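Peer 1: no sequence for this one, just the structure:
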């Protein structure tokens with residue numbers, strides 16, 4: 001006779017000698033069955049428990065069992081057992097529940113087999129289920145399989161809706177298959193009764209922006225408005241970014257006014273693109289004024305926006321304003337990151353601040369738990385070289401190597417140039433060889449510096465050899481290289 005397990009020793013020690021009362025709650029029955037399932041896994045004992053507890057095997061029970069916190073193999077075995085029961089057939093809800101379980105367990109192969117089984121089965125699959133299958137396969141980086149399933153189900157089981165097309169368009173976007181997105185959009189429009197919605201336009205405009213196809217993005221934005229759809233903050237922000245990239249500052253500002261006029265709130269991303277665009281256009285005061293007004297209105301900046309504002313102020317020589325923002329960051333619940341510190345350190349060098357002050361900022365950075373990047377070291381090495389502190393720069397290059405950073409051509413370029421100016425030609429040549437050995441090649445700028453250096457110390461044939469070497473290696477000479485080469489002629 002089947003016996004329920006004992007909580008003490010996990011072996012059967014009592015049996016159901018009486019009929020299960022009709023008023024026994026489902027929760028109690030579920031708990032007793034769950035305990036059996038956890039101890040005995042799926043097998044004759046658990047199967048007997050279903051019979052004793054009078055649990056009808058239907059789609060609802062299958063879904064509930066699959067949601068129990070038991071091993072994934074137990075769920076798979078139960079699912080297969082249920083599928084073989086007389087008068088029972090899995091539907092889309094039971095299949096989708098198992099697919100989610102397999103996805104969470106990371107059993108990609110078993111999940112794919114189950115999805116294929118769904119397609120082959122007679123169960124009805126709706127647009128919502130198709131969208132979810134596409135999303136799950138996309139998350140698993142199975143883009144081609146997702147497309148295959150989409151077309152199989154589309155041709156045999158269900159007619160996709162705008163939401164279904166949106167799911168596959170978003171998947172393609174997230175996985176970088178931007179060219180395929182436009183193809184899906186055209187297919188969607190040709191469906192006749194499946195019109196693009198705001199989500200579709202948002203995905204397409206974002207895709208064209210990433211591809212640099214700005215005219216196409218603008219046309220879609222205009223088409224969207226002609227179709228009576230209200231652009232979202234994200235769509236407006238993408239268009240603002242595009243207009244700034246095209247140098248159409250007034251168009252970008254006009255779009256921001258349109259946003260406000262239509263009651264579409266400016267997000268932190270909108271402010272970032274607006275301030276960044278104005279900064280690049282040299283309208284620093286305007287950018288700073290918008291930032292300050294944003295704060296007065298109670299909007300909260302994020303680290304990306306603050307870093308952009310600090311960078312704009314630093315490039316404009318307004319170091320005092322930049323440092324004031326830095327000191328206020330914590331009041332906005334923002335911690336400075338490596339980009340913030342790099343921007344400030346570079347600005348201090350550009351402003352010819354005392355080296356002691358710059359060094360203090362580097363130490364403060366490390367004390368605050370911010371790990372210096374390769375670019376941090378490059379900034380410091382370049383700054384030390386420009387202030388004739390070559391030995392300190394060499395120590396930093398050594399520190400970079402000790403910390404496992406890959407060789408940075410910009411840092412080597414600064415050092416080789418400084419060593420050349422100090423007539424330490426042998427040391428400069430050693431660094432150049434070290435860079436080539438570690439990287440396999442060098443940048444055009446480093447070659448230009450080295451060619452100029454060799455020319456100055458009278459090694460004209462070596463300079464010419466180096467010029468020819470860089471061309472053979474596929475390192476195209478730039479204007480600096482040609483200038484250095486012409487100086488030797």
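Peer 2: Received, thanks. Since we're looking at a predicted model, the values are computed, not measured.

Peer 1: part of a helix, is residue 111?
Peer 2: Yes: applying DSSP: H, G, I helix; E, B strand; the rest coil, one finds residue 111 inside a helix.

Peer 1: where's the closest residue to it other than its chain neighbours relative to residue 116, distance?
Peer 2: Leaving aside its chain neighbours, residue 111 sits nearest to residue 102 (3.9 Å; criterion: CB to CB, 6 or more residues apart in numbering). C-beta coordinates here come from the backbone N, C-alpha and C atoms, glycine included. Distance, residue 102 to residue 116, using CB to CB, to the nearest Å: 12 Å.

Peer 1: more crowded one of these two?
Peer 2: The neighbour comparison of residue 102 against residue 116 (other CB atoms under 10 Å) goes to residue 102, with 23 against 14.

Peer 1: give me the contact list for the helix or strand harbouring the more buried one.
Peer 2: According to DSSP states H and E, residue 102 maps onto helix 92-105. Under the contact criterion CB atoms under 8 Å, 6 or more residues apart in numbering, helix 92-105 has outside partners 59, 62-63, 66-67, 72, 75-76, 79, 82, 108, 110-111, 114-115, 117-118, 121, 123-126, 129, 132-133, 136, 139-140.

Peer 1: give me the average confidence score over it.
Peer 2: The average pLDDT within helix 92-105 is 92.

Peer 1: buried set for that helix?
Peer 2: Using 16 or more other CB atoms under 10 Å as the test for burial, helix 92-105 gives 92, 94, 95, 96, 97, 98, 99, 101, 102, 103.

Peer 1: where's the third one relative to residue 321, distance?
Peer 2: Between residue 95 and residue 321 the distance, using CB to CB, works out to 60 Å.

Peer 1: okay, now the residue lying closest to residue 384 once chain neighbours are set aside: neighbour count?
Peer 2: Nearest non-adjacent residue to residue 384, counting by CB to CB, 6+ apart: residue 393, 4.0 Å away. Residues lying near residue 393 (other CB under 10 Å) number 24.

Peer 1: surely residue 393 meets residue 387?
Peer 2: No: checked against CB atoms under 8 Å, the pair residue 393 and residue 387 is beyond contact range at 9.4 Å.

Peer 1: what do those two both touch?
Peer 2: Residues touching both residue 393 and residue 387 by CB under 8 Å, 6+ apart: none at all.

Peer 1: in the stretch 351-489 of the chain, which ranges drop under the pLDDT threshold?
Peer 2: The model of the stretch 351-489 of the chain has pLDDT under 70 over residues 439-443, 472-489.

Peer 1: can you show me the helices along it?
Peer 2: Using DSSP state H, counting those that start in this stretch, the helices of the stretch 351-489 of the chain run over 355-367, 374-386, 390-402, 409-421, 425-439, 444-456, 460-472, 479-488.

Peer 1: show me which of the contacts of helix 92-105 are buried.
Peer 2: Using 16+ other CB under 10 Å, the buried members of these are 59, 62, 66, 72, 75-76, 79, 82, 108, 110-111, 114-115, 118, 121, 123, 125, 129, 132-133, 136.

Peer 1: in strands only, show me those.
Peer 2: Taking DSSP state E, every one of those sits outside strands.

Peer 1: those residues in helices, which ones?
Peer 2: Among these, the members falling in helices are 59, 62, 66, 72, 75-76, 79, 82, 108, 110-111, 114-115, 118, 129, 132-133, 136 (criterion: DSSP state H).

Peer 1: what comes up buried for stretch 309-322?
Peer 2: The neighbour-count check on stretch 309-322 (16+ other CB under 10 Å) flags 309, 310, 311, 312, 313, 314, 315, 316, 318, 319, 321, 322 as buried.

Peer 1: what's the helix or strand for the fifth one?
Peer 2: Going back to what we said before, that points to residue 313. helix 303-315.

Peer 1: how much space between residue 71 and residue 275?
Peer 2: Noted for residue 71: a distance of 53 Å to residue 275, by CB to CB.

Peer 1: swap that for residue 222, sorry
Peer 2: Distance from residue 222 to residue 275, by CB to CB: 26 Å.

Peer 1: and the two? Which one has more around it.
Peer 2: The residue with more neighbours, out of residue 222 and residue 275, is residue 275; 24 against 11, by other CB under 10 Å.

Peer 1: so which residue is smack in the middle of this protein?
Peer 2: Centroid check for the chain by CA atoms, centre = their mean gives residue 174 as the closest residue, at 8.5 Å.

Peer 1: give me every residue that touches that one.
Peer 2: Each residue near residue 174 by CB under 8 Å, 6+ apart is listed here: residue 138.

Peer 1: one more time with 10 Å
Peer 2: Contact analysis of residue 174 by CB atoms under 10 Å, 6 or more residues apart in numbering lists 135, 138, 139, 141, 143, 203.

Peer 1: does the first one touch residue 175 like I think?
Peer 2: No: assessed by CB atoms under 10 Å, residue 135 is found out of contact with residue 175, at 11.7 Å.

Peer 1: got any residues that touch both of these two?
Peer 2: Jointly contacting residue 135 and residue 175 under the rule CB under 10 Å, 6+ apart are residue 146.

Peer 1: now residue 358. Nearest residue, chain neighbours left out?
Peer 2: Residue nearest to residue 358 in three dimensions, not counting chain neighbours: residue 348, with 4.6 Å by CB to CB, 6+ apart.

Peer 1: packing partners for the host helix or strand of that neighbour?
Peer 2: Residue 348 is part of helix 338-350 when elements are defined by DSSP H and E. Applying 3 or more CB pairs under 10 Å, 6 or more residues apart in numbering; DSSP states H and E, we find helix 338-350 packed against helix 303-315, helix 319-328, helix 355-367, helix 374-386.

Peer 1: and of those helices, who's closest to residue 160?
Peer 2: Proximity to residue 160, assessed across the helices and strands packed on helix 338-350 by CB to CB, is greatest for helix 303-315 (36.0 Å).

Peer 1: how long is stretch 396-415 from one end to the other?
Peer 2: Start-to-end span of stretch 396-415 (CA to CA, to the nearest Å) is 11 Å.

Peer 1: tell me the confidence at the residue lying closest to residue 162 once chain neighbours are set aside?
Peer 2: Leaving out its chain neighbours, the residue that sits closest to residue 162 by CB to CB, 6+ apart is residue 197, at 4.9 Å. Residue 197 is assigned 88 on the pLDDT scale.

Peer 1: residue 197 against residue 165, yeah?
Peer 2: Yes: in this structure residue 197 lies within contact range of residue 165 using CB under 10 Å: 9.3 Å.

Peer 1: quick one: contacts for residue 221?
Peer 2: By CB under 10 Å, 6+ apart, the contact list for residue 221 reads 201, 204, 205, 208, 231, 235, 236, 238, 239, 242, 255.

Peer 1: so what does the helix or strand where residue 235 lies touch, helix or strand wise?
Peer 2: Here residue 235 sits within helix 233-245, counting by DSSP H and E. Helices and strands touching helix 233-245, by 3+ CB pairs under 10 Å, 6+ apart, are helix 198-210, helix 214-226, helix 249-261, helix 268-280.

Peer 1: next, format those helices as JSON lines and append distance to residue 448.
Peer 2: As requested, these are arranged in JSON lines below (distance: least, CB to CB, whole Å):
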{"stretch": "helix 198-210", "distance to residue 448": "33"}
{"stretch": "helix 214-226", "distance to residue 448": "34"}
{"stretch": "helix 249-261", "distance to residue 448": "35"}
{"stretch": "helix 268-280", "distance to residue 448": "28"}
